[in-house]
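A.B. asks: Build me a model from this:
(2 chains)
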Protein chains: 2
Amino acid sequence: MNPKSLLERRLASMGSAYRLFYDEPVHLVRGEGAWLFDADGRRYLDMYNNVPHVGHCHPRVVAAICDQARQLNSHTRYLHDNVVRLAERLTAKMPAALDTAMFCCTGSEANELALRIARRVTGATGIVVVDYAYHGNTQATYEISTDTIPPEEVPPWVATVPAPDTYRGPHRGESAGERYAAHVAEAIDKLQRRGVKTAAFVIDTIVSSSGVVAPPPGYLARVADIVRRAGGLFVADEVQPGFGRTGKNFWGFEAGRFEPDIVTMGKPMGNGHPLSAVVTRREIVDAFAGHGRYFNTFGGNPVSCAAGLAVLDVIAEEGLQQNALEVGAYLADGLWRLADSHECIGDVRGTGLFLAVELVADRETKTPATDLADKVVNGLRSRGVLTGSIGPADNILKLRSPLVLSKDDADYFLDTLGEVLPLLP
Amino acid sequence: MNPKSLLERRLASMGSAYRLFYDEPVHLVRGEGAWLFDADGRRYLDMYNNVPHVGHCHPRVVAAICDQARQLNSHTRYLHDNVVRLAERLTAKMPAALDTAMFCCTGSEANELALRIARRVTGATGIVVVDYAYHGNTQATYEISTDTIPPEEVPPWVATVPAPDTYRGPHRGESAGERYAAHVAEAIDKLQRRGVKTAAFVIDTIVSSSGVVAPPPGYLARVADIVRRAGGLFVADEVQPGFGRTGKNFWGFEAGRFEPDIVTMGKPMGNGHPLSAVVTRREIVDAFAGHGRYFNTFGGNPVSCAAGLAVLDVIAEEGLQQNALEVGAYLADGLWRLADSHECIGDVRGTGLFLAVELVADRETKTPATDLADKVVNGLRSRGVLTGSIGPADNILKLRSPLVLSKDDADYFLDTLGEVLPLLP
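C.D. replies: Residues are numbered from 1 along each chain as shown, chains lettered A, B, ... in the order given. Okay, here's the model as predicted:
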């Protein structure tokens, strides 16, 4: 099958709402560890995909899926060990009060459930989110995905605040956390003036689509106070930062030294198998359950939970959180060294294997180098490295490789990036 | 692990929003064909679960999942054969105009996407649904799930019509289709009077949670006309009736001799692996795509699509649609024979392996025998047969076994049901 004809067949059968990465799309057929292979046998270092968290096709996860798929796949209206064990293992990784897990299949579904719970429990409808956030593709999550929804479509029950970005945003320095948090109080007041009470503040604790922004010290805890005083709940969307990616902590929210009320998780949870969850406090679930039950046909099935359990085992046994910390630091150092000789690198940020390289036309004005980012992403692709760009101006390289990335892999990436950057105007 | 302690651990880690089937919950550990086995080695005939469509743990589907999981699991922003082949195979099973497939992970997500597409393309928000419908667990699908949402919570953009039930509803006889369809015109007018234009009529083409109601002749086609004249689209929810379950047709809507505008599918599509889809016309997707792209991280991944392809292969190669037709007719005959000697059987209906037995206290008044249905379901469970009850009064046995059910299995079920019914008051 040549890629062009596959491309034509894809457009004919799947239509125009799907997009493909890269000017010359990649036709992948195999994955192993941090590496992907195309139909012509070419290999690519995967610096982009956070879903294959413990490495593409990790044999332990594959075996767990296959073993369970041969035994039984059913649903949560019968008893099964796997879903209970996964609920116990996940809640054990959380602060003690976050003791109850519920299961879905995707991050969108987890955020949908979090919104339904928050609104039901508070009796309020208002949601505060940061600019350029992404939380899902369903209607209720689309409404709070400010990177996707056009401003004129944002419903009156949604209010936005600036992402707590200390590189590009209005506030920096010691008071940045406090000053960014003040925007949340303003947003709550704004909703109140529209007659809308606040049900929740929702944020990915490393703000990914806004540009891999790590909130400044004190921000998350202060926001949680503000939101709770207004009667709302704090929802930490751990779909991207969770499961040890940041190296220092297992969950992104732990860096903020506070406890969210509801935590959602997805992407890496099953290493590619559709699996997601909501973890919250017992009394919140009880208040929600007082108004009705929750059932998700595939959510929490024994095969999906086997995948989830294997992912937790592999992270622990292979020391992948520690690897993310060490290789992430090594990679960040290398990127800063590249910045010494490449004026176009305006900022390197992030933690663990959740890094961003901001490309700028000018370091003083910080003018986003959008076209350059596109050329770099495509230049890396043609040299066997897969990345992508994000951010409001699409000028930020997003680096979220599988956690098995080695220092050799990091060197390969840094060398290739070094080759691509000087070739460009 | 004894079931009681597992039950306690489940409640402790998963909370109170989950329910379990049966007074004495079943702790399942293995499945094969139409049979399930519990932790004590007891076997159960599965007369309930429509998700393991081609049989529990079908080796062909398991092998497809395992083979692909070992090779690659990624997403639709790279080219891959599997998703294109599945899109081609699904659209080939549809009327020619329904030529475009999009992929999600659950029925809720498929219905969410259908609603988003319908609202975007029509520029309207109103949705008409039947009473006691179930279309999902996300906010937008909860709003149209009239079997779940309390009437006072139904938003003003949703209007309901009676399910086209010719056993219990107001209309029967030759004109029933036309008279039930007239309610849809009234609902559209009602929305219009509220200032709401109709975006879509949504129905599962065998109305499952309303009581396995097959629409009377002419109903679906007439409703489609009415909805289109009002500027709306017809969404056929094939999550339950699709994939040959009704025996006569591959899709439930085919019995209505008309073409829907959007078709959604889920549950049986991956034989338990989370996989769902929306199929619609090219120009509808184009109009939707004009306002933005669609991406679902896990939707359409190579492993899920391998499962979907294997399910289509097995249905065809093992003649399962034909088996559903034959064994379903055999089962329905047996149920009618049981009705000869059991006054409590008020109606037997459905087609293929999508059957319902309505239990009544009195055949003339049709008073629902809700308590009896509960006793029958639990009595069957204790004798090794799994079923469930549904309907507005929860008095209807829902029979939706895997399509591999044999005549011997059907005899076993009929014998057991015969044992349970006379023992009861």
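A.B. asks: for the stretch 1-150 of chain A, what spans make up the strands?
C.D. replies: Counting by DSSP state E, counting those that start in this stretch, the stretch 1-150 of chain A has strands at residues A:28-32, A:35-38, A:43-46, A:100-104, A:126-130.
A.B. asks: Likewise for the stretch 251-400 of chain A?
C.D. replies: Going by DSSP E, counting those that start in this stretch, the stretch 251-400 of chain A shows strands at A:262-265, A:276-280, A:345-351, A:354-359, A:385-386, A:388-390, A:396-399.
A.B. asks: Quick one: the strands of the stretch 1-150 of chain A as JSON lines, columns for mean neighbour count and distance to chain B too.
C.D. replies: For glycine as for every other residue, the C-beta is placed from the backbone atoms N, C-alpha and C. Listed next are the strands of the stretch 1-150 of chain A as JSON lines, based on neighbours: other CB atoms under 10 Å in any protein chain shown; distance: least, CB to the nearest CB, whole Å:
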{"stretch": "strand A:28-32", "mean neighbour count": "20", "distance to chain B": "5"}
{"stretch": "strand A:35-38", "mean neighbour count": "19", "distance to chain B": "7"}
{"stretch": "strand A:43-46", "mean neighbour count": "20", "distance to chain B": "9"}
{"stretch": "strand A:100-104", "mean neighbour count": "27", "distance to chain B": "4"}
{"stretch": "strand A:126-130", "mean neighbour count": "27", "distance to chain B": "11"}
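A.B. asks: Let me have the strands of the stretch 251-400 of chain A in JSON lines, extended by distance to chain B, mean pLDDT and mean neighbour count.
C.D. replies: Shown next, in JSON lines, are those (distance: least, CB to the nearest CB, whole Å; pLDDT from 0 to 100; neighbours: other CB atoms under 10 Å in any protein chain shown):
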{"stretch": "strand A:262-265", "distance to chain B": "13", "mean pLDDT": "98", "mean neighbour count": "28"}
{"stretch": "strand A:276-280", "distance to chain B": "8", "mean pLDDT": "98", "mean neighbour count": "28"}
{"stretch": "strand A:345-351", "distance to chain B": "20", "mean pLDDT": "96", "mean neighbour count": "22"}
{"stretch": "strand A:354-359", "distance to chain B": "16", "mean pLDDT": "97", "mean neighbour count": "25"}
{"stretch": "strand A:385-386", "distance to chain B": "9", "mean pLDDT": "98", "mean neighbour count": "22"}
{"stretch": "strand A:388-390", "distance to chain B": "9", "mean pLDDT": "95", "mean neighbour count": "20"}
{"stretch": "strand A:396-399", "distance to chain B": "13", "mean pLDDT": "96", "mean neighbour count": "26"}
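A.B. asks: low pLDDT regions in the stretch 1-150 of chain A?
C.D. replies: A:1-4 (pLDDT under 70).
A.B. asks: A:Val29 and B:Pro302: what is the separation?
C.D. replies: 9 Å (CB to CB, to the nearest Å).
A.B. asks: Pull out the buried positions in stretch A:219-228.
C.D. replies: A:Tyr219, A:Leu220, A:Ala221, A:Arg222, A:Val223, A:Ala224, A:Ile226, A:Val227 (16 or more other CB atoms under 10 Å in any protein chain shown).
A.B. asks: how about the residues you listed in CSV, adding distance to B:Phe354?
C.D. replies: Compiled in CSV, the buried residues of stretch A:219-228 are given as follows (distance: CB to CB, whole Å):
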residue, distance to B:Phe354
A:Tyr219, 54
A:Leu220, 50
A:Ala221, 53
A:Arg222, 55
A:Val223, 50
A:Ala224, 49
A:Ile226, 52
A:Val227, 47
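A.B. asks: Since that was my last question, I'll sign off now.
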